[in-house]
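**Student:** predicted model, plus sequence, below.
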Amino acid sequence: MIKNIKEKKLRTFLIILSITLSTALFFASNALSTTLSDMFIRQIRAQIGSAQIIIHENEFSPTPYVNPEPAKKLGNKIEYVIGTTELNGYYSPSKDELLNINILGYDYDELQKMNPVSLISSQNLEPFAGRKIIINQAFAQKHNLELGSPIDLEIQGTKQRFRVSAIAASAGPLKENDKNQPVIVPRETISSLTGSRGKSFLLYIKTAEGENLQEIINELSVLYNRFTVREIFSEEELTQQLSTITVPFMLITLLVLFMSIFIIYTSFKVITMERLPIIGTFRSIGATRKMTNRVLVLESILYGIIGGILGCILGIIVLYGMAFVIANDPYVQVDVSIKFTLGQLFQASILAIILSIISSLIPIAKISKIPVKDIVLNKIEKKNKKKIWKLYLGIVLLVGAIFLPIIVPHSLAFIVDAILMIGVFIALIYLIPYMTKIFINFFERVYTYFFGNMGILAAKNLRENKNILNSISLLTIGISSIIMINTLNYSMNIEVLDAYKNLTYDLQFYVNEMDRRIEQIVKSTPGVTGTYGIYGSYDDIQVKDTGQTLGYVQGIDVNKFSDYFNLNIDQELLKKLDTGRYILLNYSQGKKHGVKIGDTLTLNMRKGERNYTVLGFFNTLLYNGQYAIISKKYFINDMGPQFYDELSIKTSIDPEEMVEILNKKFQRGYSNISSMNKLREQNMQSNAQLMGMLQGFSFMTVIIGIFGVLNNLLISFMERKRYLAIMRSVGMDKKQNIRMLFIESLTGGLIGSITGLFGGFLVNYVIEYLLAAMDISMKIHFSPSLFISSLIVGTMVMVVASISPTLKSSKYNIIESIKYE
């Protein structure tokens, strides 16, 4: 066994490569959720340490301050109650520079219990009281600050002097970001400046070991019934949110596994065919079928073990690469780290072994059924039995993929559509023999004029050649996956561009406590030609009947909305919003909540339950399709907002220049100002990174598919060795033989590419509904150039893959191929 493995290095390489790639992608996809969850949890934990519950004000709170005393009544049920104050301040290292400072007020001992800071140096730090301040090392080095250095901060319009008492690592609560620089000062010092002694802006709470978190939250909600009491973050919710990233990779991995089974299956057919003489010899001298089968199964297990080990190593590298790309997404920006479990490594390793064994069992079983006499006489041509059930199942799956996504309920849509997507590939494989016959009937007529009798003979050879049909199947899956991913990328780019075209303003503006006064200041800026203050709420408004949120709900000024948003909504519908509690929904929201025009949605809003009538629907990718519109008048009545959510600005000068002007004008207001061009670039970059990874996965399917095609062509020639020799013996010369095999490959490549294009089209048809099931409203757009290039490349792959087997077949010894002993 070992000797044979060493001798057939290329075959061994192909099998191990297939198992390695499949294992690596399975492991990376499986561990991606764990890794991303860990990355985001680390980022959250860096700010809040071990705290589990947070209490803060809301619109119903009588005061912005929270008293920690009621929480302490829970006694031993909680490990700690830690209050903190948080203020915005400013630091001016020079006349022309003003930095935003996030001032965190803590009791030092409590902070070290909840989220310890790592001190590099300190001076008279304890007791931590008065005008002492802790800064991070990066801030100290950048501004030449040392222990004992004075630092003047502007707080609530007045200058306050502190002295540096400690310099800490730039981590945890002192980790700097693009928006502001965090510093830590005594809580009581901030409380005295704000007139809130003994109270805090936020309370952080950790439950005692063994206590039920939800029960503690319920008890605290009673004690703080006019404040918001919530879990800081839920790992389950985080995992669910990350599913939009992880699920596509797992679906692509299923395709890779599917193709790997094909290539390992065909590789073992080659192995068993090559070893027929040896098997025949052993069987003729007394070896049993079980003995020869056992040797081949052990060989498959060895391939699985080697491929599993290499796959896990490669999978860790792939996982890190995926984490690196996602961490550097302009909308994410987290530290890169990977996390996986031994269980995930074990699952990947077991998968590799099972994949190898299952894929090899059928070839091994078929070889074991060949009588010794037939092996010795080299009678190995097989008569394939037609299995009509495959035709019926393939048709059912295709029909289901076309019609079921339209009628399936939203609650089941994701699962059903995902199954249908895989079902399309299964249907294509089952139907390829029948579709091939249809194509061959066409090509036979065409080839008469181009290739003569050789063309007709080549086309006829494809009819019942199972190995070439397998090659066509692999090519179909590869082309379909390429079409699927690249069409998604193409569609996403078009939809993103269209979404931003719908926004007819130049800048997006946000500053703390943004009201009409701020809007007037912006409006008076030279170069500003128009402003539109937007009231909105993210995930705060829940539909009573479904228990799900409406995503982003916007309260619009019906007279100005169309000047800033071009969503192709009839102006009469917009005007009607002002006449009552009416709502316009994005199409994906309508499907999500199962409503139609005229239906009533009961919404849980800040001022109680309100009934809104569905007035109509629109379609946009803005806010990922999670978008609803109501009148500004009713939004204010039912939500009671004090400030705008954002400000849309039109300008007569270069938008980037206006961004700089407004940043200087509002440098004391923690402003967030971006041009729409910049936001569009960031969005495109973010999408390109995700799609780039998916394209990498789909590229793996093509690589595996090419190897599978090569294997199938090789085994086809081996099984037809006697047939080809007979053709040579009756007058076919080498050139005619090569020409015939070339036409076979060309025909198979064309058929595989065409069926792949059809498969890619149908899969993307299902994916549009799958995205809708994930509450992503995106139309699928098809690129003619992508289809043409895929057709050409697919055909070339089959032709190039056939070169080596074709040349090898031309060198067969006629007598050796047809003789028997």
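**Tutor:** Thanks, I have it. In this text, all values refer to a predicted model and were calculated from it rather than measured experimentally.
**Student:** okay, helices next: where are they in the stretch 51-200 of the chain?
**Tutor:** Listed from the start of the chain, the stretch 51-200 of the chain has helices (DSSP state H, counting those that start in this stretch) covering 69-72, 108-114, 137-142, 187-194.
**Student:** next one: the stretch 251-400 of the chain
**Tutor:** 276-284, 289-327, 342-368, 372-376, 388-407.
**Student:** out of the helices of the stretch 51-200 of the chain, which gets nearest to Phe758?
**Tutor:** Among the helices of the stretch 51-200 of the chain, helix 137-142 comes nearest to Phe758, with 56.9 Å by C-beta to C-beta. (Each C-beta comes from the backbone N, C-alpha and C, glycine too.)
**Student:** domain assignment for this structure?
**Tutor:** Each structural domain of the chain that the record assigns through automatic domain parsing is listed here as a residue range: 1-51+232-380, 53-231, 445-504+677-813, 512-670.
**Student:** using CSV, please lay out the helices of the stretch 251-400 of the chain together with mean pLDDT, distance to Asn461 and mean neighbour count.
**Tutor:** What follows is those, written out as CSV (pLDDT from 0 to 100; distance: least, C-beta to C-beta, whole Å; neighbours: other C-beta atoms under 10 Å):
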stretch, mean pLDDT, distance to Asn461, mean neighbour count
helix 276-284, 74, 22, 16
helix 289-327, 86, 29, 19
helix 342-368, 87, 21, 18
helix 372-376, 64, 23, 15
helix 388-407, 92, 22, 15
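**Student:** make TSV from those and add distance to Thr651 to it.
**Tutor:** Written out in TSV, the entries for these read as follows (distance: least, C-beta to C-beta, whole Å):
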stretch	distance to Thr651
helix 276-284	78
helix 289-327	34
helix 342-368	51
helix 372-376	83
helix 388-407	44
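**Student:** and the longest strand for this protein?
**Tutor:** Taking DSSP state E as the assignment, the strand of the chain that covers the most residues is strand 78-94.
**Student:** ramachandran coordinates for Tyr627?
**Tutor:** phi -140, psi 130 (degrees, to the nearest 10).
**Student:** can you check the pLDDT for Leu724?
**Tutor:** Note on Leu724: pLDDT of 66.
**Student:** cool, and Met658?
**Tutor:** Reading off the per-residue confidence, Met658 sits at a pLDDT of 93.
**Student:** ok, the one 3 residues further on next?
**Tutor:** According to the per-residue confidence, Ile661 scores 90 in pLDDT.
**Student:** next one: Asp557
**Tutor:** Per-residue confidence for Asp557 comes out at a pLDDT of 92.
**Student:** who's in contact with it?
**Tutor:** By C-beta atoms under 8 Å, 6 or more residues apart in numbering, the contact set of Asp557 is Tyr532, Gly533, Lys632.
**Student:** kindly report the same for Gln52.
**Tutor:** Going by C-beta under 8 Å, 6+ apart, Gln52 touches Ile205, Lys206, Thr207, Leu213, Glu231, Ile232.
**Student:** relative to Arg230, how far out is the fourth one?
**Tutor:** Separation of Leu213 from Arg230 (C-beta to C-beta, to the nearest Å): 11 Å.
**Student:** between the two, what contacts are shared?
**Tutor:** Common neighbours of Leu213 and Arg230 (C-beta under 8 Å, 6+ apart) are Ile53.
**Student:** sitting in strands, which of the contacts of Gln52 do you find?
**Tutor:** By the criterion of DSSP E, membership of those in strands covers Ile205, Lys206, Thr207, Glu231.
**Student:** which ChimeraX command selects the buried ones in those residues?
**Tutor:** Per 16 or more other C-beta atoms under 10 Å, the buried members of the ones in strands among the contacts of Gln52 correspond to this ChimeraX selection:
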select :205,206,207
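**Student:** now compare the ones in strands among the contacts of Gln52 and name the two farthest from each other.
**Tutor:** With distance counted by C-beta to C-beta, no two of those lie farther apart than Lys206 and Glu231, which are 11.6 Å apart.
**Student:** isn't Ile120 up against Ile135?
**Tutor:** No - between Ile120 and Ile135 there is no contact under C-beta atoms under 8 Å: 10.4 Å.
**Student:** if you count what's nearby, which of those two comes out ahead?
**Tutor:** Ile135 (25 against 14; other C-beta atoms under 10 Å).
**Student:** nearest spatial neighbour of the more buried one, skipping sequence neighbours?
**Tutor:** With C-beta to C-beta, 6 or more residues apart in numbering as the measure, Val183 is the residue that lies nearest to Ile135, at 5.3 Å, once sequence neighbours are left out.
**Student:** tell me the spacing between the one you found and Thr189.
**Tutor:** For Val183, the distance to Thr189 (C-beta to C-beta) stands at 12 Å.
**Student:** need the helices for the stretch 701-821 of the chain, in chain order.
**Tutor:** Taking DSSP H, counting those that start in this stretch as the criterion, the stretch 701-821 of the chain carries its helices at 721-729, 734-773, 784-801, 803-810, 814-818.
**Student:** how about the ones you listed in a markdown table, adding mean neighbour count and distance to Ala140?
**Tutor:** Converted to a markdown table, the helices of the stretch 701-821 of the chain look like this (neighbours: other C-beta atoms under 10 Å; distance: least, C-beta to C-beta, whole Å):
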| stretch | mean neighbour count | distance to Ala140 |
| --- | --- | --- |
| helix 721-729 | 17 | 78 |
| helix 734-773 | 22 | 49 |
| helix 784-801 | 18 | 54 |
| helix 803-810 | 17 | 66 |
| helix 814-818 | 14 | 82 |
